[in-house]
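Participant: could you work out the structure for the sequence below:
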Amino acid sequence: MAINSRDNKEYAIKILDINKIIKENLDKNIEKEVALMKKISHPYIVKLFEVMTTNQKILLVMEYIDGGDLFDAISNN
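Facilitator: Next comes the predicted model:
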């Protein structure tokens, strides 16, 4: 989780390792996922706000939703 210092809004940050993505041949899948997430606007799907990259990492700035992991919630119920 990250907090915007200007407005105190909470965001989720997903950090992807570029070397791992390339090594596992996932670069095309990540590109498709990011392109799709940028286009989708639905109340039950996490919104992607921004994508930032460095030489080593891809950072996805997304809507923060508390309450834990969806997989855990499904497993527990």
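Participant: so which residue of the protein lies furthest out from the middle?
Facilitator: Distance from the centre of the chain peaks at Asn77, with 24.9 Å (C-alpha atoms, centre = their mean).
Participant: just the element for Gly67, please.
Facilitator: Under DSSP states H and E, no helix or strand contains Gly67.
Participant: for this structure, what spans make up the helices?
Facilitator: Secondary structure of the chain (DSSP state H): helices located at 18-23, 27-39, 70-76.
Participant: tell me the mean pLDDT for the first one?
Facilitator: To tie it back to what came earlier, the one meant is helix 18-23. Mean pLDDT, computed over helix 18-23, is 93.
Participant: which secondary structure elements does it sit against?
Facilitator: Contacts defined by 3 or more C-beta pairs under 8 Å, 6 or more residues apart in numbering; DSSP states H and E place helix 18-23 against strand 57-63. Any C-beta I mention is one placed from the backbone N, CA and C, and that applies to glycine too.
Participant: return the list of helices and strands in contact with the strand it packs on.
Facilitator: Judged by 3+ C-beta pairs under 8 Å, 6+ apart, strand 57-63 is in contact with strand 10-17, helix 18-23, helix 27-39, strand 48-53.
Participant: Val61 against Ile13, yeah?
Facilitator: Yes - if you go by C-beta atoms under 8 Å, Val61 and Ile13 touch, sitting 6.0 Å apart.
Participant: overlap in contacts of those two?
Facilitator: Taking C-beta atoms under 8 Å, 6 or more residues apart in numbering as the contact rule, Val61 and Ile13 both touch Ala2.
Participant: ok, those two, which is more surrounded?
Facilitator: Between Val61 and Ile13, counted using other C-beta atoms under 10 Å, the more crowded position is Val61 (17 against 13).
Participant: tally of neighbours for the closest residue to that one other than its chain neighbours?
Facilitator: Nearest non-adjacent residue to Val61, counting by C-beta to C-beta, 6 or more residues apart in numbering: Glu50, 4.2 Å away. By the measure other C-beta under 10 Å, the count of residues near Glu50 is 11.
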